[in-house]
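Novice: Turn this into a structure:
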Amino acid sequence: MKKIISIMILLVFLLGCSPSFYFEDHTLAGDKYVLRNGLTVIVKKNPSTDLAVFDLFVKTGALTEQGRNGISYLTSRMLFTGTKDKNREELVDFLESKGGNFKVMPSIQYNDLRIVVPSSEISVALKFLVEILTSPSFEEFDKEKKFVLDEIKEKKDSPFVVADLLMYSKLYAGTPYANPVEGSEESVNSISLDEVKDYFQKWYVPNNMILVVSGNVNDDLIDEINKVFSFVLKMKEVPLISFEFSDIVSGKFEENKFTDSYYIEIGYRTAPAVNEDYIKLKVLNGLLGEGPASRLYFSLREEQSLAYRIESASPTIKDTGLFRITIVSSDPEKAVSEALKQVEKVKNEAISLKELNEVKSRVKGRYAIMHQKSYDKNEYLGIYEVVGKGFDFDHAYPFAVDQVSSLDVQEMAKKYLVNPVIVVVGPVHGGEVKSVLE
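Specialist: I've put the predicted structure just below:
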């Protein structure tokens, strides 16, 4: 009898005191919670600021558009046009009257809805978020569509953007990564309001979102978020989308543009962020083209005056990777040739310990600089969580850099910096894209 009573007491205790969160994890990078409805919340305290920054990462972007290129960005913009209780002006005033502001930051892998408020107005930010997520009115559809179309036209005037879009279209052909974030004029014009509403219902669900909050916040914040979001946002099944990458067709692709200089990109497909090579590629990037002390900068700009601008990047991507060298030059042939020589030099010559340590210091220094502001911290925490690396990697990053060896860097160059796609935008012959396979 005593045993039966004990079991009954235990059941009552468990039923009456079920935990508020499905999962929680506390690390030096921040605190992570997964609510019962699947919403992931990451909190990073920063008592030295008077602001609170909310970044809602919705795992949408070009990856989830399924042939309706541009619908993800258009949908995220439509959320700020009004709700059932407030028109656009009233919604904006609700936030700005308390010293807050908001913006939409689209990408191929996600849409980031950012809200910044004084730390004393956190409840305003939460109410604002709940309202746009639960009762959007989807007003002014034609106005928002025109805004996106104007943005697409404007970007055609930027040789940097033209080069970037051409690079992605060749390096990731046949996958969503080849599609522009804003869409094309043709694709955006074909999107209907009903399609936007359906897209919102399908993808803007709590188990497909990550809310990152940083700034001067107190210990009660997560309980307030849980209370506000747990019952108004319901978990739904999220469609699984898969695609395959085809073999790279390396070559040189040119697009005519009436500019004073040539805008060049040399791109290589590398490894996804979850791959162990990710951090090694970051160090390789530091060696080759990150900052004035890098090899490419010193050789092409300082020594030979072949480039007005020269840099490299190795961005954080979920399903694939990219190593990109960007050059602005009046002599594209010599600039590309010298850049490729520097790539080959890394493959063929050992990197001294002295240079490696200098590179690591620069990479970690850039990491520190990019974490000075709350919204910068939010961005890294969110991106690492979106791509599957895990938010806590943000704290581990500098320690991972320390583990990279000279041989690691050299092996990365040999393994990934092959079969380049070379893009040249500028006053080339003819007005259409040309492919000259090398």
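
Novice: which sections of the stretch 301-438 of the chain are below the confidence cut-off?
Specialist: For the stretch 301-438 of the chain, the stretches with pLDDT under 70 are 429-438.

Novice: hey, where'd the helices end up in it?
Specialist: 332-348, 353-369, 374-386, 393-402, 406-416 (DSSP state H, counting those that start in this stretch).

Novice: tell me what the first one is packed against?
Specialist: Counting contacts by 3 or more Cβ pairs under 8 Å, 6 or more residues apart in numbering; DSSP states H and E, helix 332-348 packs against strand 262-270, helix 278-288, helix 295-296, strand 321-329, helix 406-416, strand 421-426. C-beta: built from backbone N, CA, C; applies to glycine.

Novice: which helices and strands sit right next to the third one?
Specialist: Meaning helix 295-296. helix 278-288, strand 309-313, helix 332-348.

Novice: Check the offset of that helix from the chain's centre.
Specialist: Here helix 295-296 is found 26 Å from its chain centre; the criterion is Cα atoms, centre = their mean, to the nearest Å.

Novice: quick revisit: select, out of the helices and strands packed on helix 332-348, the one closest to residue 107.
Specialist: Minimum separation from residue 107 across the helices and strands packed on helix 332-348 (Cβ to Cβ) falls at strand 321-329, 13.1 Å.

Novice: name the helices or strands packed onto that closest one?
Specialist: Applying 3+ Cβ pairs under 8 Å, 6+ apart, one finds that strand 321-329 contacts helix 159-171, strand 262-270, helix 278-288, strand 309-313, helix 332-348.

Novice: can those go into a markdown table with extra columns for mean neighbour count?
Specialist: What follows is the helices and strands packed on strand 321-329, written out as a markdown table (neighbours: other Cβ atoms under 10 Å):
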| stretch | mean neighbour count |
| --- | --- |
| helix 159-171 | 21 |
| strand 262-270 | 24 |
| helix 278-288 | 25 |
| strand 309-313 | 20 |
| helix 332-348 | 17 |
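
Novice: For the host helix or strand of residue 227, which outside residues touch it?
Specialist: Using DSSP states H and E, residue 227 falls within helix 221-229. Among residues not part of helix 221-229, those counted as contacts by Cβ atoms under 8 Å, 6 or more residues apart in numbering are 20-21, 31, 33, 35, 37, 39, 41, 43, 122-123, 126-127, 130, 206, 211, 213.

Novice: Which of these fall within helices?
Specialist: 122-123, 126-127, 130 (DSSP state H).

Novice: Now restrict the residues you listed to buried residues only.
Specialist: Using 16 or more other Cβ atoms under 10 Å as the burial test, the ones in helices among the contacts of helix 221-229 include 122, 126 as buried.

Novice: Name the member of the ones in helices among the contacts of helix 221-229 with the shortest distance to residue 290.
Specialist: Among the ones in helices among the contacts of helix 221-229, and counting by Cβ to Cβ, the member closest to residue 290 is residue 122, at 36.3 Å.

Novice: measure the closest one to residue 42 for me?
Specialist: According to Cβ to Cβ, to the nearest Å, residue 122 and residue 42 sit 15 Å apart.

Novice: Could you check the pLDDT of residue 49?
Specialist: On pLDDT, residue 49 comes in at 92.

Novice: In which helix or strand does it reside?
Specialist: Per DSSP H and E, there is no helix or strand for residue 49.

Novice: just checking, it touches residue 117?
Specialist: No. Counting by Cβ atoms under 8 Å, residue 49 sits too far from residue 117 to count as a contact (11.7 Å).

Novice: Compare neighbour counts for those two and give me the winner.
Specialist: Taking neighbours as other Cβ atoms under 10 Å, residue 49 and residue 117 compare with residue 117 leading, 24 against 16.

Novice: Tell me the secondary structure at that one.
Specialist: Of the three states, residue 117 takes strand according to DSSP: H, G, I helix; E, B strand; the rest coil.

Novice: show me the contacts for the closest residue to residue 136 other than its chain neighbours.
Specialist: Once flanking residues are discounted, residue 136 sits nearest to residue 79: 5.2 Å by Cβ to Cβ, 6 or more residues apart in numbering. By Cβ under 8 Å, 6+ apart, residue 79 lies in contact with 113, 132-133, 136, 200.

Novice: is it possible to export the helices and strands packed on helix 332-348 to JSON lines including distance to residue 370?
Specialist: Formatted as JSON lines, the helices and strands packed on helix 332-348 follow (distance: least, Cβ to Cβ, whole Å):
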{"stretch": "strand 262-270", "distance to residue 370": "21"}
{"stretch": "helix 278-288", "distance to residue 370": "12"}
{"stretch": "helix 295-296", "distance to residue 370": "20"}
{"stretch": "strand 321-329", "distance to residue 370": "18"}
{"stretch": "helix 406-416", "distance to residue 370": "21"}
{"stretch": "strand 421-426", "distance to residue 370": "27"}
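
Novice: Any idea which of these gets closest to residue 63?
Specialist: strand 321-329 (14.9 Å).

Novice: got the angle for the closest one vs helix 332-348?
Specialist: 140 degrees (axes from the mean of the first three to the mean of the last three Cα atoms, to 10 degrees).

Novice: List the pairing partners of strand 321-329 within its sheet, with orientation.
Specialist: Strand 321-329 sits in its sheet next to strand 262-270 (antiparallel), strand 309-313 (antiparallel), going by DSSP bridges.

Novice: Kindly state the domain boundaries assigned to the chain.
Specialist: The chain is divided into the following domains under automatic domain parsing: 20-229, 251-436.
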